[in-house]
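Peer 1: coordinates only, no sequence provided:
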Ligand SMILES: Cc1ncc(COP(=O)(O)O)c(C=O)c1O
Ligand SMILES: Cc1ncc(COP(=O)(O)O)c(C=O)c1O
């Protein structure tokens, strides 16, 4: 049996479909709608809510309800709320398949978002761990002693000051990788059914996290050149469904490698503030810059304490340590409580070792060496791709991180390309993983964090040949 | 300049704060609110929307708007969750105070639920860590290679078989301590507002986790002798609110030290099944048994795969490693997805080291030594308490774990006792922490995981004197 409000909603939808209320036009007020159906305004309101959920109407504060733009229009990509749950589930299972690849014995693995283990100084870290535990046996306990905790926070504060970001030492929270930080931030800010803006293309881990929390993703275009499109975002915030927060990878975005320009960071802050959207900044690659200076996080310009800043040593020091941290501004206390009840604490031993690495300057040395190697490898991989891939392939050389986004010629199906590549024991991440929509079929993401050698070079040559073959047989 | 709707919203919020509309109460209808401010209903509606965004009000379809508590605040959720709000908020903040104690320089610390770091073999573990990383440098990567993962699961499977529990190797999931396991299980099974049965007294970490998830706790009596009262549980399930799941610490419960008898475990399974209640078994202390055989988890008799079994090496091997694991039966796949999106993976290095410790038999040796020491210390602490505390004090010597539950004479206020004790640099966990109700005011929990020495003995003598003094001056 249908409730009255649903009945009213359907009638209104029918009138919209019939052209009485064209896309973008103002709809009857709640009071008018109530009167015309002889119901109270709460029922009329329920009808609008329902239509809002179905993305047929859009509410604008102090202006009323408007007929939504049709899904097929140019604005649809921005304005249509969601990848249906089904789509996300699909992304979810694709993601698992990809992770499974790392378990298999693929010879040339270019699909991960992590550098090869040989790029990290295992022996040195092993020594450091041993020394820390021998000198401070209390590090075997669950809790990092308060004085050591303070010391570590002080060191992070100092580090951040080096990139023009002020962090309060008592506003630093450790977490199990950035994944936990972002998950906590989302759990704090949203409720199931809420809409979260994300970049598109975006790393699939985020789509997975959103799916697990029952959240809808509103995908905002992001390009290798300029990163997140502020124009698209503004348009979406104006005409799209209400957005609670935006997750943005400001530095060397995954997968595009884009670095958001500083003036965009400032404009984004103002825009978010104007629309009451909280920003979650994912700075997982910020430490892997190739240029002179480490990029300044957006958080550095945050005057309202509304940005939740998340960083991690998982890429720049030791993936296995899983040491992420965040600074939550005015959300900090709530995030702290949520963290305590979700997984309590991070391993004191690893935190203690991180302290030693930061204090001694070893971390600075380790990450610098890693950056240099990645910068070299990026050029090698990019050169090889441009030489090997069919005409029409484009890429922009990222200035940090470890991921190269390759846009193949139109018509390329990188999913099928992956199947062919896997048969020759080569893996990469196909474009379809990075959006709930079939927008990036012709793209692929390559990891340049693997030590460059002849096998790598040949694998890329082979990928180029396979792509050319596919295009030939398709035409 | 503030819009009219914001002004209206702020006025309404002030009235809520002033107690005119207590949390959970129905607020004026949109029409009423509009009329009382002389505005149209869209403006009134905008005010509600704004308050909704700020999480001050909640809309319920066809019922109207209700005063909310900020979902983000654990204390607030506790408010809503459990019977006596004031007490619960206090539990939360007292809990933080207690954790802060561990940071302070209290001389004799008897308040934690963890053994002293000197009881764990730091040097040996440090060597093991170093060897693991030198021999398998790939352990610095985020993911434990598949073959090693399988090996570790096989070893856990073997270990569990030793206590008559069958676990499928592909149904083992690692997590950051049991805390994460339980948090994931609750997130999977419940939605905010649901009721979860717990033991009373119960460790406060669980109350905190429930609060953070917006869950209500239904406290079921648990005694040092027999553990959870099945009679009370059956009664509650029959006559109380619908219960989604039960969290039970089957072996050496915190704080009572109770071990649930095997026949109770079987009866509990049948009871839970009859009422459609999923069991979450927290076996964090199971490895710390003092007798001949390790207790069999309740999960061993689970034929339906409905029990979510959670275990951890945080107490029996290395608290700092934060290595928990779970076996989720038919919920397993969902838990796996939830884990991946919440914190991705556990540190591969620590998992790899655990593998070595299990395979070499070192873990068996380490945990046996720890058990022996704890068993000795339990007797020493229990003897000292019985000798020092006023008449009417009772306790039951636990046969495992590291916690002693002491029931003082009626009239003892262990909260006040703690204040007096802290002035003399002695800490313990007061009874009021273990329930939302003021049921355990006369009780205290002592940690016998600290190496026994004269300072410990004297501290307990002093606690007894302070308790006697308090009772004298109260009468
Ligand atoms: C953009 C981005 N954010 C977060 C993560 C996950 O980070 P962590 O390993 O610190 O949880 C990744 C991993 O690749 C990533 O690419
Ligand atoms: C009964 C119980 N469950 C769970 C925990 C937390 O365990 P973990 O440190 O493995 O997260 C504790 C800690 O004291 C506990 O006593």
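Peer 2: Ah, there it is. Quick caveat, the model's predicted, so the values are computed rather than measured. Ligands and ions are numbered 1, 2, ... in the order given.

Peer 1: which residues of the stretch 51-200 of chain A lie near ligand 1?
Peer 2: Counting by C-beta under 6 Å from any ligand atom, the stretch 51-200 of chain A comes close to ligand 1 at A:113, A:177-179. The way it works is simple: take the backbone N, C-alpha and C, and place the C-beta from them, glycine included.

Peer 1: ok, and the closest non-adjacent residue to residue A:296?
Peer 2: Closest residue to residue A:296 apart from its sequence neighbours, by C-beta to C-beta, 6 or more residues apart in numbering or on different chains: residue A:164 at 4.7 Å.

Peer 1: quick revisit: so which of the residues of the stretch 51-200 of chain A next to ligand 1 also contact chain B?
Peer 2: By C-beta under 8 Å from any C-beta of the partner chain, the members of those lying near chain B are A:177, A:179.

Peer 1: any weak-confidence spans in the stretch 1-150 of chain A?
Peer 2: A:1-2, A:61-62, A:69-104 (pLDDT under 70).

Peer 1: quick one, helices of it?
Peer 2: Remark: helices assigned in the stretch 1-150 of chain A by DSSP state H, counting those that start in this stretch are A:4-17, A:30-37, A:41-53, A:76-79, A:85-103, A:122-135, A:146-161.

Peer 1: which stretch among those helices comes nearest residue B:286?
Peer 2: The stretch from the helices of the stretch 1-150 of chain A with the least distance to residue B:286 (C-beta to C-beta) is helix A:122-135; that distance is 26.2 Å.

Peer 1: what packs against the closest one?
Peer 2: helix A:348-359, helix A:362-388, helix B:122-135 (3 or more C-beta pairs under 8 Å, 6 or more residues apart in numbering or on different chains; DSSP states H and E).

Peer 1: for the longest one, buried residues please.
Peer 2: Going back to what we said before, that points to helix A:362-388. For helix A:362-388, the neighbour count (16 or more other C-beta atoms under 10 Å in any protein chain shown) marks A:362-363, A:366-367, A:370-371, A:373-375, A:377-378, A:381-382, A:384-385, A:388 as buried.

Peer 1: please apply the same query to the shortest one.
Peer 2: Burial within helix A:348-359, assessed by neighbour count using 16+ other C-beta under 10 Å, is assigned to A:348-358.

Peer 1: so does that helix get close to ligand 2?
Peer 2: No - figure legend: helix A:348-359 not in contact with ligand 2 (C-beta under 6 Å from any ligand atom); closest approach 11.7 Å.

Peer 1: report whether that helix contacts ligand 1.
Peer 2: No - against ligand 1, helix A:348-359 shows no contacts by C-beta under 6 Å from any ligand atom, the least distance being 13.1 Å.

Peer 1: and the strands in the stretch 251-400 of chain A?
Peer 2: Here the stretch 251-400 of chain A has its strands, by DSSP state E, counting those that start in this stretch, at A:278-282, A:308-312, A:323-327, A:394-395.

Peer 1: quick one on the thing from earlier: which member of the buried residues of helix A:348-359 is positioned nearest residue A:421?
Peer 2: For the buried residues of helix A:348-359, the closest approach to residue A:421 (C-beta to C-beta) belongs to residue A:350, at 35.9 Å.

Peer 1: picking that back up, possible to save the buried residues of helix A:348-359 as a markdown table with distance to residue A:169 and pLDDT?
Peer 2: Listed next are the buried residues of helix A:348-359 as a markdown table, based on distance: C-beta to C-beta, whole Å; pLDDT from 0 to 100:
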| residue | distance to residue A:169 | pLDDT |
| --- | --- | --- |
| A:348 | 18 | 97 |
| A:349 | 21 | 97 |
| A:350 | 19 | 97 |
| A:351 | 14 | 98 |
| A:352 | 17 | 98 |
| A:353 | 20 | 98 |
| A:354 | 15 | 98 |
| A:355 | 13 | 98 |
| A:356 | 18 | 98 |
| A:357 | 18 | 98 |
| A:358 | 13 | 98 |
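
Peer 1: which one of those residues is nearest to ligand 2?
Peer 2: Nearest to ligand 2 out of the buried residues of helix A:348-359 is residue A:348 (C-beta to the nearest ligand atom; 11.7 Å).

Peer 1: residue A:417 in helix, strand or coil?
Peer 2: What DSSP: H, G, I helix; E, B strand; the rest coil gives for residue A:417 is helix.

Peer 1: from residue A:227, how far out is it?
Peer 2: Counting by C-beta to C-beta, to the nearest Å, the gap from residue A:417 to residue A:227 is 26 Å.

Peer 1: same question, residue A:234
Peer 2: 15 Å.

Peer 1: so for the two, which sits in the more crowded spot?
Peer 2: Under the criterion of other C-beta atoms under 10 Å in any protein chain shown, the comparison of residue A:234 against residue A:227 puts residue A:227 first, with 25 against 17.

Peer 1: is that one bridged to anything, and to what?
Peer 2: When assigned by DSSP bridges, residue A:227 has beta-bridge partners residue A:223.

Peer 1: that one: what's it in contact with?
Peer 2: Residues near residue A:227 by C-beta atoms under 8 Å, 6 or more residues apart in numbering or on different chains: A:199, A:250, A:253, A:256, A:258-261, A:264.
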